[in-house]
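In: Sequence plus the predicted model coming up.
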There are 4 protein chains.
Amino acid sequence: MAIEGRSDDKAGGRIRLGMVGGGEGAFIGAVHRIAARLDDNYVLVAGALSSTPEKALRSGAALGLDPARTYPDFATMATQERRRRRDGIEAVAIVTPNHMHAPAAEAFIRAGIHIICDKPLTTTLKDARRLKLLAERRGIVFAVTHNYTGYPLMRAAREMVQAGELGEIRVVQVEYPQDWLTTRIEDTAQKQAEWRTDPARSGAGGCIGDIGTHAFNLAQFVTGLTVAELSAELTTFVPGRRLDDNVQINFRYANGARGSLWASQVAPGNENGLMLRIYGTKAGIQWRQDNPNLLYFSPLGEPTRIITRGSAAAGAAAARVTRVPPGHPEGYLEGFASIYTEIAAAIRAAREGRAPDPAVTFPGLDDGIAGMAFIEAAVRSSARNGAWVRL
Amino acid sequence: MAIEGRSDDKAGGRIRLGMVGGGEGAFIGAVHRIAARLDDNYVLVAGALSSTPEKALRSGAALGLDPARTYPDFATMATQERRRRRDGIEAVAIVTPNHMHAPAAEAFIRAGIHIICDKPLTTTLKDARRLKLLAERRGIVFAVTHNYTGYPLMRAAREMVQAGELGEIRVVQVEYPQDWLTTRIEDTAQKQAEWRTDPARSGAGGCIGDIGTHAFNLAQFVTGLTVAELSAELTTFVPGRRLDDNVQINFRYANGARGSLWASQVAPGNENGLMLRIYGTKAGIQWRQDNPNLLYFSPLGEPTRIITRGSAAAGAAAARVTRVPPGHPEGYLEGFASIYTEIAAAIRAAREGRAPDPAVTFPGLDDGIAGMAFIEAAVRSSARNGAWVRL
Amino acid sequence: MAIEGRSDDKAGGRIRLGMVGGGEGAFIGAVHRIAARLDDNYVLVAGALSSTPEKALRSGAALGLDPARTYPDFATMATQERRRRRDGIEAVAIVTPNHMHAPAAEAFIRAGIHIICDKPLTTTLKDARRLKLLAERRGIVFAVTHNYTGYPLMRAAREMVQAGELGEIRVVQVEYPQDWLTTRIEDTAQKQAEWRTDPARSGAGGCIGDIGTHAFNLAQFVTGLTVAELSAELTTFVPGRRLDDNVQINFRYANGARGSLWASQVAPGNENGLMLRIYGTKAGIQWRQDNPNLLYFSPLGEPTRIITRGSAAAGAAAARVTRVPPGHPEGYLEGFASIYTEIAAAIRAAREGRAPDPAVTFPGLDDGIAGMAFIEAAVRSSARNGAWVRL
Amino acid sequence: MAIEGRSDDKAGGRIRLGMVGGGEGAFIGAVHRIAARLDDNYVLVAGALSSTPEKALRSGAALGLDPARTYPDFATMATQERRRRRDGIEAVAIVTPNHMHAPAAEAFIRAGIHIICDKPLTTTLKDARRLKLLAERRGIVFAVTHNYTGYPLMRAAREMVQAGELGEIRVVQVEYPQDWLTTRIEDTAQKQAEWRTDPARSGAGGCIGDIGTHAFNLAQFVTGLTVAELSAELTTFVPGRRLDDNVQINFRYANGARGSLWASQVAPGNENGLMLRIYGTKAGIQWRQDNPNLLYFSPLGEPTRIITRGSAAAGAAAARVTRVPPGHPEGYLEGFASIYTEIAAAIRAAREGRAPDPAVTFPGLDDGIAGMAFIEAAVRSSARNGAWVRL
C-alpha cells in the first residue's frame, strides 16, 4: 500500500496546472481539482474558468488564483502561459462542455502544454483523430478522464483477464443506468442537464456520449477485446428532449465473444449504477461502481470469492493505485485522483525526456478516439434500425 | 397471511393427480410433486413416470403408487384412468422433455383430464395453438408451469404496475444467467444437459427455450405490456453444442417502451440468476429470484424501499400466495406450490361448473403460446442477423 | 441432491401423525403440518387442535380429519389413539403454548407415542429433566423443533467446524432481532403476542424463551462448544409488558472462547433477523436466516467465499437435507421439513427396533433441556445484576 | 452539494499546518495529510515526523518540507514555530503512538497552536482532563480525530435522532470487528501492531483503545445518549499478547436504553467492520462503515428505506459534508477530510475572534475525555469480573 505515491514521483516538485471551464456551478471541474490535489502532485495556478468574464474572475478568486492568471478565455491563457519562462503551466485540465474540448485542446497542444481532457474527447470522430495527429507531433501527454479505470479493482480485473484467470472471454455485460434525467429537468435551468441534452454542445450522442462511453471504455479497459461490430437502439423517452436518454447495444467481438451495453438516464432508483460483468470459459467477475471496494470472482464450479480493494488478493496492479487498507472504503474521488497521479508520472517522465514506467496506465487519445468511434457507430446503427455496423 | 389456503378450497377433497415423466433421475418431476403436496390440494395416484417400463415401475414403487396405476406409457394411462368411474385422475402433470408435451397433452385433453404442463409448452408454435383449440373445446383447465409467477413479490410487482405506481413503463431489463452448461456436460451422461441440448427433444431453442422463456414470461406477467417486435442474437459458445447457450434480445413494446433480455447458461458464478427490473415515469423496481423475499421499489426522487414478502406493503395479490410471516424466507418450492394451489382452485371450480374466483391467477395456454411465439421469433431474427421481427 | 429423500426412508409407509394445538388462528401448527407433508413422510390423522371443543372440531374439519379422531383434549387423544390396534398415531406434534408442552408430552410418552414438541421444551428446567427420564424409559423418539438447525448451510457450518476449518473457536456472535412486539400488541387480541407475553403460559422468559433459545441452540449446534457461564441483561421496554422483550447475554465457553447473544422483539426493521457469526484461529463464518442460501466463509488472509446451498462446496451434511439445486432458494419451511424428515428416519428405525443412520441429526431432549437451563440461568443472572452464572 | 466548501471558508488563505509523527512507515499520518489537503484548507509547512532524527529529515524531504522546518522533536518545533512572526504554523496534527499525545499536545497548547490529535486522546483519563484545562485557558481549538463522525450519513443519522424520527431510543448495537491481529504479528516487526499491543505506548487498552473508542464515540455522536454504567469483558486471545484483542461491553443508558459494543481484532473476514444499529420506539437505523454511502432507515411497520449519501433524503447535516452526488461513492478519506474541513472553520473563526458557525461539528476534548473514561471504566469492570461500573 502506497499512501502517497512513491516519493521519487515528487521529484522536481508539483506540476503546475491550469484549468479551462469548471467555474461556478460546474460539477466536474471541482472533481478534477480534488483529484489533482489528493496525491499532492499538482498545484492549480491558472484558469479560464468560464466563458463569462465576470464569472471567470469570481471563480478564480474563490479558488485563490492569482488574478493575473485568471483568464477570460482559453486562447489568451494558452498564449500567456506559454510565454512565462519559469512558472507557466505544464498541464491543463479541460472540463468544459464537449463542443469546446477540441478547440481548447488544439490551442494548448500548440502551446506545448500537456492535456487532461474530460470525456467524450470531442463531438466528432474526425476532430478526435485530428487531435491525435497534432499531439503526437508535439510530444504532448494527452489524457482523457475515463476515471472509472482508476478504480483499483478494475485494474485487478484487467490483470486477472490478462493472466488468463477467466479463460477465453465469451460474454461481456456492462450497464450504466442513472435516473436524473427521468423528467425534463433541462427546462429548469439545471446547467448539467441543459448542455448534456443540447446537440450543439454535446454532439450527436446524449446518454450514449455522457455515460455510454464510460461503460464502453471500462469494458474495453478490462477485457482488452476488440469490438468487431455493434447493433444499437437509441431511444429518447422524455418528450421534447433532443438527444437519446436510453441506449441498448449488442456487441460482437473479434474473438467471437458477445456483449451487451445498457445505459439509461431515465431509470428511477439508479443513481450511478455502472456495473461490469465478464464471463469466460474458466470464471466470471462482477463489479459495481457504487460499492467499488468489492470484486466478485467466480471460478467455475467453486464458490464466488469477494476480493476486497487493498487486500493481497487484489494483486499488484490494484496495489499501485491503492491508498488505504481494506475495509476503509475508497471511492469516486480516489479513483479519479489515481488517474491524475498516473498522468503526473507521465508528465514527469516527459519533463525528463524519458518514457514513463511501463506500469503507468491511464486513458489517452486512443481511448478517446475509440469512444468517438463507438458513439458514431451506435448513432448510425440506430438510425439504420439496428443494423450491425463495423467499429 | 393464509398458511394453508382458504378452507373452502379444500371442499370436495384433494384432487387426484397423475404424472407423465418425472421418474428416477428426473429433476422437475420431483419439484412438481412437492409443489402439489405442499398446500395439501392434490394426491398423486397414478403415473407413467418413464418411457422405460422397468424404470417406470421402480419409480412408481418408490413413490408408493399402486402398481396397477403405474403405467408403461401416457396413452395407456389416459385411456385407463378415463374409464375409472369414481377415482380416476382429475388432473395430470406432464413433466417430460419438451417434445413429449404435445402428444401427451393431446391424449389427456381427449380423456377429459385437466393438465399441468411444464414449459415450454411444445416444440412448435403450431402445436401450441392446436392444443389451445383442443383444450378449449373440452373445457379443460390447462396450466403451464411458469413457476416464477408464483413468487409473492412478482405478484406484488404486477399489482403495483397495474395500480400505476410506476407510471408509464419505459424500460424493461430482464436477465436469466446460469453457469451449469459452461462446459460440454451433455457428453458426460448428465441427463438434464443431454436432452436440453438436443434439438430433437428440446425444439429449436436451447437456452432460449429452457430459461429464456421463463424470463420472457415473467416480464410479460409483471408489466402486462405487448412486445411488438424483437431483435435477437443467439449464440452457441460451447464447441459441438447443437443449440444456443447464450441469448441477447432487444424488445420494442407496443407502447414505445424498450426492453432487453439476456439469458445464458455459460456465465460462471450465476447459479440461477433470474432478475427483473422495470422502469417507468414514476418509479423503478428490482427483484432477484435467488433472494426472492425482497422487492426494491424506487419512487423517483425518494429513497428506495425494500418491500418484504409477507409485509403489509406487499399488498393483497402477494398475500394470497404467502404462507409464513416476513423474515421467514419462502423460496422456489413455495412459489411453485402456489401455482399448483391456484390451479387447484380452477379445477375445483370446474368440478362445480363455475368460474374460479377472479383473483385466481396462473399461467395457461396463452402464456404457453406466447412463449413459443417468442422462441420462434427469436430464432428467426437471429438467423436473419438480428433483423427486427414482429411477434 | 436428494429431491425426495432416499426411497428406503419410505419403507413401511408414511408415519401416522397426530397434533395437539395448532387450530384456527394458530401460527406454528400450520408450519408443522407443511413441514410434515413436504417430504411425504407423514400423514396427519388425528388432532386435539384446540382447548375450545367447538373450535377443535371446526379446525379438524378444515383439515379434512376424521371427526372421530378430532379430540376435545390431548388426554382423550392419547388414550384413544393408544387403543387403536392398526392405525393409531405413531407420533404426535405438540404445538401449544409452552405451559401445555410438559403435560401433553407426558400423556403421549405414557401412551408410547413418539413426540415432536415445539420449543421451548417446557416452562421449567425441572419439567424438562423429568420428561427426559420418562421418555428414555419408554424408548420414545422425542424431538424439539429447533428448526433453524434444519437449514442446510447450518449443517455445512457445523461440519466445517468439526473438520477444523475454523481452527480453535474464539468468538461466537449470535443475534436474533425482531420488531413485532415494539408496541403493546398483546392488548389488541393478537393471539401470538398474548400468550408469549404471559408468564403463566410462556414461563419465566419472554423474548429469551421465544427466540433467545433458538439463537442459543443454533450457536451450540454449529460450534459444539460448552458454555461454562453467562452474564445476562434482560429488559422489558414496552410499558406494562410482563416479560422481557430485549436480551443481551455474554458467554464464557469452557475452551476459553467468548460469545454474545442479542435477542430483541423491539428492534424496528428486523423481521426475523437471526444471524450467526463464528470466529476461530483459522477462519470466520457468517450466516443470516433471512437469506439462508448463502454462507460466508473467510479463511484468514484470503478472500471471503460465498458458499451456496446446493453447491459442491456445501459438503455432505448439507447435501443430505437439500432438495433443489443452488440458485433455487430454499427457505424456512424446507428447513423445518428437514427436521421432520430426520425425525421420520428415527421413527422408522424405532419401528424396526434398530438405531437410525448415524448421519440422522435433529434436536432432541438434551437440546430442550439445555434451552431450559439457558433460560433459567439468564433469568437468574439478570435478577442478580448480571452476575456470571454457571450453566 | 458543496464540492469545495463555502468560498468564504477560504478567507485569509490556507491554514499553516505542522505534523508530529507520521514519518516513514506510519499509516495514519499519511491519512491526515490527505485529509488536510482534500478540501484545500491547509498547507503542511513543518514537521517533527519521527523520533529518529535521520528518519525525520528523510520523511520531511519526501514530503517537500523546508529542511529548516523539519524538526528533530516536537518541543523544538513548538518553540521554533511559535517565534515565527508571520508564517509560523497555526495548527498541528499529532499522529504519534498514544503515549506521546499528551506531552506533545501540552507543548503546542503552551505555544498557542491549535491541535488536531489522533485518538485515543491520551493514555490516562487524568491526562485528558488536564489537557482540557490547559487548552481552554488558552483558547485553543482542540480536535480529536474520531473520523467516523465525518461520514455524511452518520450526520444524517444524528439529525434524524435529534428530530425524533426514531422516537425514544431503546437499543444501541455497535460493533467494530477486524482481523489483522488474529495472529501474533507484533512479533514480525509490523510497526502498527507493535505499538498498539504495547501497554507502554498504547495505555491500558489494546483493542478497546484502538477501535473500541471509535465505536463508543460514534454511538454517542449519533444517539446523544448518556451512558450511565457499563459491564465489560476484555479478552486477550493471542498467546503472549499484552493487551486485550476482543471486547464485549453492555451499556445501561441514563434514559433506560440498553446497548452492546463488540470490538475485536481477531475476527477473520472482518477488515474494518464498524457497524451501528439504533432502535427506538418509532424506527430503527443501520449503517456499515465499509459501504458508508447507504443508511437503512426502518420506520416501524413500513418498508425499510435506503437513504443514500448525497440524496435529498439525507438531509442538511449530511449535505454540509458531501462533495459528490449520490451513486458516486465517498469513503474513508472523504470522511476524514470533512473533519479537517470542520476544524478549519473553527480555526478561521478563532483567527477572527468569533465563534464558528453553529453547524460546524467535530469531535473535541470532551469526546476525547469521554473516550478515556470509557476505556478506564471498561478495564476496571473487566478486572472486577464484569461488575457494572459508572461512567
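Out: Structure received. Note that the coordinates shown come from a computational prediction; the quantities given were computed from them, not determined experimentally.

In: where along the stretch 51-200 of chain A do the strands fall?
Out: A:91-94, A:114-117, A:142-144, A:169-177 (DSSP state E, counting those that start in this stretch).

In: orientation of the last one relative to strand B:169-177 in degrees?
Out: Note on geometry: by axes from the mean of the first three to the mean of the last three CA atoms, to 10 degrees, strand A:169-177 and strand B:169-177 are set 150 degrees apart in direction.

In: anything in strand A:169-177 near chain D?
Out: No - looking at strand A:169-177 against chain D by CB under 8 Å from any CB of the partner chain, there are no contacts, and the closest approach is 9.8 Å. From N, CA and C alone the C-beta is placed, and that goes for glycine too.

In: Tell me if that strand is near chain B.
Out: Yes - residues of strand A:169-177 contacting chain B under CB under 8 Å from any CB: A:170-171, A:173, A:175, A:177.

In: Run through the neighbouring helices and strands of that strand.
Out: helix A:213-223, strand A:246-253, strand A:258-264, strand A:275-280 (3 or more CB pairs under 8 Å, 6 or more residues apart in numbering or on different chains; DSSP states H and E).

In: List just the one of those that sits closest to residue C:202.
Out: Ranking those by proximity to residue C:202 (CB to CB) places strand A:275-280 first, at 48.3 Å.

In: residue contacts, the nearest residue to residue A:107 once chain neighbours are set aside?
Out: Once flanking residues are discounted, residue A:107 sits nearest to residue A:78: 4.2 Å by CB to CB, 6 or more residues apart in numbering or on different chains. Neighbour list for residue A:78: A:92, A:107-108, A:110-111, A:113 [criterion: CB atoms under 8 Å, 6 or more residues apart in numbering or on different chains].

In: One more: residue A:326?
Out: Residues in contact with residue A:326, defined by CB under 8 Å, 6+ apart, are A:293, A:308-311, D:271-272.

In: at 6 Å instead, please
Out: The contact partners of residue A:326, by CB atoms under 6 Å, 6 or more residues apart in numbering or on different chains, come to A:308, A:310-311, D:271.

In: Roughly how far does residue A:114 sit from chain B?
Out: Going from residue A:114 to chain B by CB to the nearest CB, to the nearest Å gives 41 Å.

In: now do residue A:236
Out: Distance, residue A:236 to chain B, by CB to the nearest CB: 10 Å.

In: Hmm, that residue is touching residue A:244, no?
Out: Yes - using CB atoms under 6 Å, residue A:236 makes contact with residue A:244 at a distance of 5.4 Å.

In: neighbour count winner among those two?
Out: Neighbour count, other CB atoms under 10 Å in any protein chain shown: between residue A:236 and residue A:244, residue A:244 has more, with 27 against 16.

In: I figured the more buried one hits residue A:209, correct?
Out: No - contact criterion CB under 6 Å: residue A:244 and residue A:209 do not qualify, at 8.9 Å.

In: picking up where we left off before, what subset of the contacts of residue A:78 is buried?
Out: Taking 16 or more other CB atoms under 10 Å in any protein chain shown as the criterion, what is buried in the contacts of residue A:78 is A:92, A:107-108, A:111, A:113.

In: for chain D, what are the nearby residues on chain A?
Out: Residues of chain A lying near chain D by CB under 6 Å from any CB of the partner chain: A:3-4, A:7, A:30, A:37, A:62, A:271-272, A:290-291, A:324, A:326-332.

In: number of nearby residues for residue A:86?
Out: Residue A:86: 5 neighbours (other CB under 10 Å).

In: for residue A:155, that is, sorry about that
Out: Residue A:155 has 27 neighbours, counted by other CB under 10 Å.

In: isn't it right next to residue A:315, touching?
Out: No - assessed by CB under 6 Å, residue A:155 is found out of contact with residue A:315, at 8.1 Å.

In: residue boundaries of the helices in chain A?
Out: A:28-38, A:53-62, A:74-83, A:101-110, A:125-138, A:152-162, A:191-196, A:199-202, A:207, A:213-223, A:315-319, A:332-351, A:365-383 (DSSP state H).

In: deepest of those, which one?
Out: helix A:207 (a mean of 29; mean count of other CB atoms under 10 Å in any protein chain shown).

In: close to chain B, is that one?
Out: No - figure legend: helix A:207 not in contact with chain B (CB under 6 Å from any CB); closest approach 11.6 Å.

In: Name the residues that touch that helix?
Out: With CB under 6 Å, 6+ apart, helix A:207 has contacts from A:244-245, A:247, A:263, A:265.

In: Lovely, talk soon.
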